[in-house]
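Trainee: What follows is a predicted structure for the sequence shown.
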Amino acid sequence: MRLHILKSALLASTFAFATPAPSFAQDGIAGPYLAARLAGFASDYAAAAEYYGQLLQRDPGQVEILDAAMISFAMLGDFERAGDAAARVISLEPDMQIAQMVRLVRDVSQGNTAAAKDALMQGVVGGPLLDGLLLGWVELAEGNMSEAVTAFEALSENRAFRSFAYIHKALALAMVGDFESAEAILSGETYGELSLNITAFEAYAQILVQLDRPDDAAAFLAQTLQRGSSPELEALLTQIENGDAVSYDIIRTPLEGMSEAFATLAAVVNGEASHTYTLLHSRAALVLNPTNVDAILLTADLLEEQEQYALAGAVLDAVPIDHPSFYLAEISRAGLLYSDDRGDTAAEVLKSLARTHGDIQQVHTALGDTLRRLERHREAADAYEAAVALVQEPTPRDWFLYYVRGIAYERTDRWPLAEADFRKALELNPEQPHVLNYLGYSMIEKQGDLVEALDMIEKAVAARPDDGYITDSLGWVFYRLGRFDEAVAPMERAVALEPLDPVINDHLGDVFWAVGRKREAEFQWRRALSNVDPDDTDSEADPDRMRRKLEIGLDRVLKEEGAPSLAEKAAAAEATRKAAQD
């Protein structure tokens, strides 16, 4: 509930970036302006910045153009040019909040804290949370520790912002060497329990070490890591356990504190506000502290989502190879390359990473996932084997690793190994619908225990009733069991859920033929043929078999294949039904 209130308060100050067209077009600016707007709509910030730069050289004096230019520059991380444009916007429209924020970033990065403080005191920068945090750090930049504390405490009066305010107060106290007071805040002794983020967790552990309490720091980190992984916390725990020197370096300057404030806001609104709004704040965080790795990774993710792969890759270049999160940056880089249709290069990046960071399971898993998507299944299996080898004691969260390795085995005709992995995945996560479906469907195709397969797929459908592929499996197992009438409804629903999938349409055609609806069957086979992707070599779609069924019918195709006839399947189903009744 508190998080919902916080987001509502933050989003109340968001803004629309789509600026209206100027009410008139000056001579010579219509072309560059149109090009700039089109680039902006496509999130091509580099092109937009170039065209807006041309417009600004002609000094149009229109706030719409200045505002859009400012945004484009800021999206590239160029807050010097963005700040200049912001100053011109403010001269025309003093209440433009985003312009005030951009100018503030430019000012503080250039050491002009007085101007920043003046803007913050007027409350027109980034909303109540950001303004309150920034004011505290600006006061500290001017050497006013007591005023900084006052600013953080004033912010804490808003219950939605309480944890943020006190965490930043603790970070500020630790920065000036008051580790006792900082520890009391972060431990919950002073103000009660706070909602700590990764930065606060790491700061608290480092503070405990400064207070000659390394054992407490190690215990705290070990307990925290039970809730989830963090490269930074894991690296710090190793340092402490090895007896290495640990200094306090989380927030070393007021600028780094301001960077953390921007990064905090970006993380909170990520997924709730527009990508542009979030990116603006993560870019600001990087201008103020280029080593803020959390902001680097978030910025790269946001740019990737906007298909700005080159810009995202350039951002990731800032993560040093010796940083604990370097491997996460390289995994992200591989994702960028894959999304940019450079899958083989992505695989090479991850193979190189596996050679330097081979003790990290996530690296091998990412390599396996990429190779599997490239349909290089034997190599994917090798990567997954390396990942499994690093699992000391399988836990429920490891089900996916066994599942994807099973897929790689199945795709390379190693069914006994695949089945063992699927069953291991179910042992770890018994009701996982994707595993139930994949194993059940594979058993159908390989003529395994169809009764067990049906039970698995029925459980999967119950868990995912709107999944077309799982519903297709249910109809197909009924068909394979000779229960043709029962197959019709789930197959029709599967096609309704996935109308363009050639395999599902082909299956429905077979089911229709089996129940005597032969014209409808031929329609479905033709529809399936029209949807076959010739480049999808991993698909089960068999266009030659579809054509053969259209030529001579399913009965004769089955005879050619030496498979049981539809009548034989129906008779077997009836015999099974009677045996069950007896």
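Mentor: Happy to help now that I have it. All values reported here derive from a predicted model rather than from experimental measurement.

Trainee: only C-alpha atoms for contact and neighbour calcs from this point on.
Mentor: Noted.

Trainee: Quick one: list the elements packing against the helix or strand harbouring residue 511.
Mentor: In this assignment (DSSP states H and E), residue 511 forms part of helix 502-514. Taking 3 or more C-alpha pairs under 8 Å, 6 or more residues apart in numbering; DSSP states H and E as contact, the helices and strands that helix 502-514 lies on are helix 468-480, helix 484-497, helix 518-530.

Trainee: okay, those helices in a markdown table with mean pLDDT next?
Mentor: Formatted as a markdown table, those follow (pLDDT from 0 to 100):
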| stretch | mean pLDDT |
| --- | --- |
| helix 468-480 | 93 |
| helix 484-497 | 96 |
| helix 518-530 | 96 |
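
Trainee: and those, which is most packed in?
Mentor: helix 468-480 (a mean of 26; mean count of other C-alpha atoms under 10 Å).

Trainee: can you list contacts of it?
Mentor: Helix 468-480 is contacted by residues 434, 437, 440-441, 444, 450, 453-454, 457-458, 460-461, 464-465, 484, 486-491, 493-498, 504, 507, 511, 569 when judged by C-alpha atoms under 8 Å, 6 or more residues apart in numbering.

Trainee: And the helices and strands packed on helix 502-514: which comes nearest residue 32?
Mentor: helix 518-530 (43.4 Å; C-alpha to C-alpha).

Trainee: Let me know the next secondary structure element after that closest one.
Mentor: By DSSP H and E, the next helix or strand past helix 518-530 is helix 543-552.

Trainee: Now the element after that next one, going C-ward?
Mentor: helix 554-561.

Trainee: For that next one, buried residues please.
Mentor: Residues 554, 555, 557 are the ones in helix 554-561 that count as buried (16 or more other C-alpha atoms under 10 Å).

Trainee: Turn the residues you listed into a markdown table, columns for pLDDT and distance to residue 99.
Mentor: Listed next are the buried residues of helix 554-561 as a markdown table, based on pLDDT from 0 to 100; distance: C-alpha to C-alpha, whole Å:
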| residue | pLDDT | distance to residue 99 |
| --- | --- | --- |
| 554 | 96 | 69 |
| 555 | 95 | 72 |
| 557 | 95 | 70 |
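
Trainee: Compute the distance from the centre of stretch 433-447 to the centre of its chain.
Mentor: Centre-to-centre, stretch 433-447 and its host chain are 28 Å apart (C-alpha atoms, centre = their mean, to the nearest Å).

Trainee: tell me the angle the strand or helix carrying residue 434 makes with helix 468-480.
Mentor: Using DSSP H and E, residue 434 sits within helix 433-445. Angle, helix 433-445 to helix 468-480, by axes from the mean of the first three to the mean of the last three C-alpha atoms, to 10 degrees: 30 degrees.

Trainee: Any stretches of this protein with poor pLDDT?
Mentor: 1-30, 59-60, 538, 580, 582 (pLDDT under 70).

Trainee: Give me the domain ranges for it.
Mentor: 1-140+272-289, 308-417 (automatic domain parsing).

Trainee: ok, back up a step: ok, and what's touching the helix holding residue 434?
Mentor: Taking C-alpha under 8 Å, 6+ apart as the rule, helix 433-445 contacts 403, 419, 422, 425-426, 449-450, 452-454, 456-457, 459-461, 463-464, 470, 473, 477, 480.

Trainee: Can you tell me what sits against stretch 502-519?
Mentor: 469, 472, 476, 479, 484-485, 487-488, 491-492, 494-495, 498-499, 520-525, 527-532, 540-541, 546, 554, 566.

Trainee: List the buried residues of it.
Mentor: Applying 16+ other C-alpha under 10 Å to stretch 502-519 flags 502-514, 518 as buried.

Trainee: Switch those residues over to a markdown table; also include distance to residue 54.
Mentor: As requested, the buried residues of stretch 502-519 are exported to a markdown table (distance: C-alpha to C-alpha, whole Å):
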| residue | distance to residue 54 |
| --- | --- |
| 502 | 50 |
| 503 | 53 |
| 504 | 54 |
| 505 | 54 |
| 506 | 56 |
| 507 | 58 |
| 508 | 59 |
| 509 | 60 |
| 510 | 63 |
| 511 | 64 |
| 512 | 64 |
| 513 | 66 |
| 514 | 68 |
| 518 | 66 |
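
Trainee: Quick check: the gap between residue 358 and residue 335.
Mentor: Separation of residue 358 from residue 335 (C-alpha to C-alpha, to the nearest Å): 19 Å.

Trainee: In terms of neighbours, single out the busier of these two.
Mentor: Relative neighbour count places residue 335 above the other of residue 358 and residue 335, with 22 against 16, counting by other C-alpha atoms under 10 Å.

Trainee: Just want the phi and psi numbers for residue 392.
Mentor: The phi/psi pair for residue 392 (degrees, to the nearest 10) reads phi -80, psi -50.

Trainee: Counting neighbours, what do you get for it?
Mentor: Residue 392, neighbours per other C-alpha under 10 Å, totals 7.

Trainee: before we move on, what about residue 31?
Mentor: By other C-alpha under 10 Å, the residues close to residue 31 number 12.

Trainee: Check the one 10 residues further on too.
Mentor: A total of 12 residues lie near residue 41 under the criterion other C-alpha under 10 Å.

Trainee: again with residue 261
Mentor: That count, for residue 261 with other C-alpha under 10 Å as the rule, works out to 26.

Trainee: show me the contacts for it.
Mentor: Residue 261 touches 130, 133, 134, 285, counting by C-alpha under 8 Å, 6+ apart.

Trainee: Narrow those to just the buried residues.
Mentor: Neighbour counting over these (16+ other C-alpha under 10 Å) leaves 130, 133, 134, 285 as the buried ones.

Trainee: Farthest-apart pair in those residues, please.
Mentor: For the buried ones among the contacts of residue 261, the maximum inter-member distance is 13.1 Å, found between 133 and 285 (C-alpha to C-alpha).

Trainee: tell me, what's touching those two both at once?
Mentor: Common neighbours of residue 133 and residue 285 (C-alpha under 8 Å, 6+ apart) are 258, 261.

Trainee: coming back round to it: tabulate the helices and strands packed on helix 502-514 (JSON lines), appending distance to residue 204.
Mentor: Shown next, in JSON lines, are the helices and strands packed on helix 502-514 (distance: least, C-alpha to C-alpha, whole Å):
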{"stretch": "helix 468-480", "distance to residue 204": "47"}
{"stretch": "helix 484-497", "distance to residue 204": "50"}
{"stretch": "helix 518-530", "distance to residue 204": "60"}
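
Trainee: picking up where we left off before, which single one of the buried ones among the contacts of residue 261 is nearest to residue 104?
Mentor: Nearest to residue 104 among the buried ones among the contacts of residue 261, counting by C-alpha to C-alpha, is residue 134 at 9.8 Å.

Trainee: Where does that closest one fall, secondary structure wise?
Mentor: Going by DSSP H and E, residue 134 is part of helix 128-141.

Trainee: quick one: buried residues of the helix holding residue 434?
Mentor: Of the residues in helix 433-445, 433, 434, 435, 436, 437, 438, 439, 440, 441, 442, 443, 444 count as buried by neighbour count, 16+ other C-alpha under 10 Å.

Trainee: Look up how far residue 183 lies from residue 208.
Mentor: Taking C-alpha to C-alpha, one finds residue 208 at 7 Å from residue 183.
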